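In: please find the sequence and the predicted model below.
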Amino acid sequence: MFLSLVLRIIFQAKPAVLSSSVSTPALALAYYASHMAFLGGDFRGGPQSVVNDLLTKMFLQTKVRNAPKRKGWQRLCRMFLVGERALYLSGRRKGSHFAGHPDSVPRSLEQLLNLAGKDEWLARRIVLRSSLNLWVVDDQRDGALTSCELLGLRERLLTPSGRALLMAAKITVLPGLDANGVPASEAWLKFDWSIP
């Protein structure tokens with residue numbers, strides 16, 4: 001549950017249409033989720049190391065037909081509350097692996113994550129979020145955060161210690177409207193993915 005929450009906070013599922021304009025390497029899931037694990041709250045063993053270990057084990061091998069790693073991919077699909085093929089797994093290497101992401105994702109990240117230039121697992125439906133509404137459930141998207149999950153996120157992050165964590169991760173809190181349409185000074189998280 002913890003890993004699913006972290007991933008759904010920072011990634012979003014695009015509409016269920018296979019498109020070459022969306023591509024996310026599995027190693028990017030591990031990289032960004034381990035840096036942003038604090039968003040999921042406290043976790044025994046330290047959230048950053050736990051998230052990185054879990055995701056790395058799920059996608060360590062890259063051959064698409066490797067059954068154990070297909071199970072890892074199917075587990076990821078369940079985390080986003082979609083069927084086992086609904087994130088459009090691809091194991092091919094074709095051009096850039098990053099497509100459809102916010103502009104703050106550094107172009108150098110692809111080389112950093114895959115120094116050897118080997119084939120990778122790719123998701124053709126999930127991308128990093130540019131922002132997250134802390135009040136309104138996006139019930140039009142698969143894997144959307146529930147109202148209880150958004151409440152927990154607000155309770156964790158809209159405190160002095162939570163704001164310090166957000167600032168360290170280059171996440172800005174912006175004003176907007178709450179779920180009832182009332183102006184709120186803390187309504188959105190805006191992500192900056194240029195983290196080291």
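Out: On my side now, so go ahead.
In: which strand residues bridge residue 188?
Out: Beta bridges link residue 188 to residue 133, residue 174 when assigned by DSSP bridges.
In: that one contacts residue 131, correct?
Out: Yes. Between residue 188 and residue 131 there is a contact at 5.3 Å, judged by Cβ atoms under 8 Å. Every residue, glycine included, has its C-beta placed from N, CA and C.
In: any common contacting residues for the two?
Out: Residues touching both residue 188 and residue 131 by Cβ atoms under 8 Å, 6 or more residues apart in numbering: residue 174.
In: okay, now the domains of this structure?
Out: Listed domain ranges for the chain are 2-128, 131-190 (source: automatic domain parsing).
In: tell me the secondary structure at the nearest residue to residue 106 once chain neighbours are set aside.
Out: What sits nearest to residue 106 in space, not counting adjacent residues and going by Cβ to Cβ, 6 or more residues apart in numbering, is residue 194, at 5.5 Å. Under DSSP: H, G, I helix; E, B strand; the rest coil, residue 194 falls in the coil class.
In: first-to-last residue distance for stretch 21-37?
Out: 27 Å (Cα to Cα, to the nearest Å).
In: how far is that stretch from where the chain is centred?
Out: Relative to the centre of its chain, stretch 21-37 is centred 6 Å away, using Cα atoms, centre = their mean, to the nearest Å.
In: then stretch 157-164?
Out: With Cα atoms, centre = their mean as the basis, stretch 157-164 stands 21 Å off its chain's centre.
In: and the strands in the protein, which stretches?
Out: Using DSSP state E, the strands of the chain run over 11-13, 24-25, 89-90, 122-123, 126-128, 131-133, 172-177, 183-190.
In: weakest of these by average pLDDT?
Out: Mean pLDDT values for the strands of the chain show the minimum at strand 89-90, a mean of 71.
In: give the other helices and strands that that strand contacts.
Out: Applying 3 or more Cβ pairs under 8 Å, 6 or more residues apart in numbering; DSSP states H and E, we find strand 89-90 packed against strand 122-123.
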